[in-house]
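K.L.:
sharing a sequence plus its predicted fold:
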Amino acid sequence: MAIRPTIKTIAQIAGVSHVAVSRALRGCSDISPETTKRILKIADEVGYTPNAAARSLSSKHTNAIGMIIPTLAENTAYSSVFNQVSNAAAEYGYTVLLGSSHRNLELERKHCRMMCESRVGALIVASSTSDVSHIKEICREHVPVIFVGGKTGLDEVYSMTCNYRYSASLAVQHLYTLGHKNIALFTYGPENNTIRQKEEGFIYEMTQRGLQPNILTTGHCDDTSSAGRDLVSKLISESRLPTAIWCASDLMAVGVLSTLRAHGIRVPEDISLIGHDNLYISGLAGIELTTLHTPMQELGRAAAELAVRLIEQKDSIVPHQVFTTNLVIRNTTSNVSA
């Protein structure tokens, strides 16, 4: 195995001290431009790569941002958040250490401990539950934590959240404008702040229009598609289908859509359907789901930029940002059927 070149390797070739090499590589002004240029050329020729861990220890400054998410898959919004955090961090010269909790609290705790032990400068967490006391207890006095998503609120020190009550306003207003009055909201467990906001917003918007809120809940966030199939199958068997359904997630709406079609019920001619999140599957041919777009990319970038500012201890830090959803109209909603 080839021996990895070090600062001392470059110093021997250049005929200078290893201290001079170190300062030249960091762009210090007390090293002449000519010497710096020569040292950089040698470093490139020998294939020198700086040791980030050692550099962090000596400078008391880390170039790592930690991130913990419930799951990483194309069928969730977390992949968009991570991609943006990773891209933005790289632009600022930072790397991202990623951990997936699989919605397991003990694994979430373990990732938090490892991130703190790895000396990340800041930790971005999309928590599994609305209760994040275990995360704050572990990270307290070790690393600042930025909570992202809807499960945590503005009572945290640093947070990037979405206004899911506004989602309800957009969904109900759209369906009401199309003439729908018998509207159901489908949700799934476990109860958390994201689901609670959607339910509270739905109740408020329906009540404001003199309509009866109808909320149905079943299943688990691990498989929302099955939850959607189960709920709509129950309504079909009981002949209690509403004229419109708003689902708490796109995957739940896809489960509803496939079940309705299997029973010969047309969407949107017989029943209108709205999802939430605007995942890539919602725009696929044959689905083309009307949904609420969650600005996860913008949220991810904002979280990464806040992490960098916290690590570098810059001023003008905005600790909280609230993002709003917007309606994406496709082919699953139309005027109420006579």
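P.N.:
Okay, I see it. Numbering: from 1, shown residues only.

K.L.:
strands of the stretch 151-300 of the chain, start to end?
P.N.:
Ranges of strands in the stretch 151-300 of the chain, per DSSP state E, counting those that start in this stretch, are 159-163, 183-189, 214-220, 244-247, 272-274, 291-293.

K.L.:
what's the neighbour count on the nearest residue to I215 once chain neighbours are set aside?
P.N.:
Using CB to CB, 6 or more residues apart in numbering and skipping the chain neighbours, the partner closest in space to I215 is L185 (4.8 Å). Placement of C-beta: from N, CA and C, glycine included. If you count neighbours by other CB atoms under 10 Å, L185 ends up with 25.

K.L.:
repeat that for H263.
P.N.:
A count of nearby residues for H263, using other CB under 10 Å, gives 12.

K.L.:
could you do E200 as well?
P.N.:
13.

K.L.:
now do stretch 207-227: distance to the chain's middle.
P.N.:
Computed by CA atoms, centre = their mean, to the nearest Å, the separation of stretch 207-227 from the middle of its chain amounts to 22 Å.

K.L.:
hmm, back to that, can I assume the residue nearest to I215 is in contact with N214?
P.N.:
Yes - counting by CB atoms under 8 Å, L185 does reach N214; the two are 7.0 Å apart.

K.L.:
where does the chain dip in pLDDT?
P.N.:
Residue ranges of the chain with pLDDT under 70: 1-3, 50-61, 73-75, 154, 315, 338.

K.L.:
change it to 50
P.N.:
Applying pLDDT under 50 to the chain flags the ranges 1, 52-54, 56-59.

K.L.:
domain parsing for it?
P.N.:
The chain breaks down into these domains under automatic domain parsing: 7-50, 64-163+296-324, 164-294.

K.L.:
dump those into a markdown table; add distance to S334 as well.
P.N.:
Supplementary listing: these in a markdown table, determined by distance: least, CB to CB, whole Å:
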| stretch | distance to S334 |
| --- | --- |
| domain 7-50 | 59 |
| domain 64-163+296-324 | 25 |
| domain 164-294 | 4 |
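
K.L.:
out of the ones you listed, which is closest to V336?
P.N.:
Among the domains of the chain, domain 164-294 comes nearest to V336, with 3.8 Å by CB to CB.

K.L.:
what's the first-to-last distance across the closest one?
P.N.:
For domain 164-294, the first-to-last residue distance is 9 Å (CA to CA, to the nearest Å).

K.L.:
show me where the stretch 1-150 of the chain has its helices.
P.N.:
In the stretch 1-150 of the chain, the helices defined using DSSP state H, counting those that start in this stretch lie at 7-14, 18-25, 33-46, 52-59, 78-91, 105-117, 133-139.

K.L.:
can I get those helices in TSV with mean neighbour count and distance to R330?
P.N.:
Shown next, in TSV, are the helices of the stretch 1-150 of the chain (neighbours: other CB atoms under 10 Å; distance: least, CB to CB, whole Å):
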stretch	mean neighbour count	distance to R330
helix 7-14	18	57
helix 18-25	19	53
helix 33-46	15	51
helix 52-59	12	45
helix 78-91	19	19
helix 105-117	17	35
helix 133-139	16	37
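
K.L.:
wait, which of the ones you listed is closest to T291?
P.N.:
Nearest of the helices of the stretch 1-150 of the chain (CB to CB): helix 78-91, 14.1 Å.

K.L.:
from the contact counts, what lies against that closest one?
P.N.:
With contacts defined as 3 or more CB pairs under 8 Å, 6 or more residues apart in numbering; DSSP states H and E, helix 78-91 has these neighbours: strand 64-69, strand 95-100, helix 296-311.

K.L.:
on that earlier part again, please identify the deepest-packed of the strands of the stretch 151-300 of the chain.
P.N.:
Most buried of those, by mean neighbour count (mean count of other CB atoms under 10 Å): strand 244-247, with a mean of 30.

K.L.:
tell me which of the helices and strands packed on helix 78-91 is the most buried.
P.N.:
Most buried of those, by mean neighbour count (mean count of other CB under 10 Å): strand 64-69, with a mean of 26.
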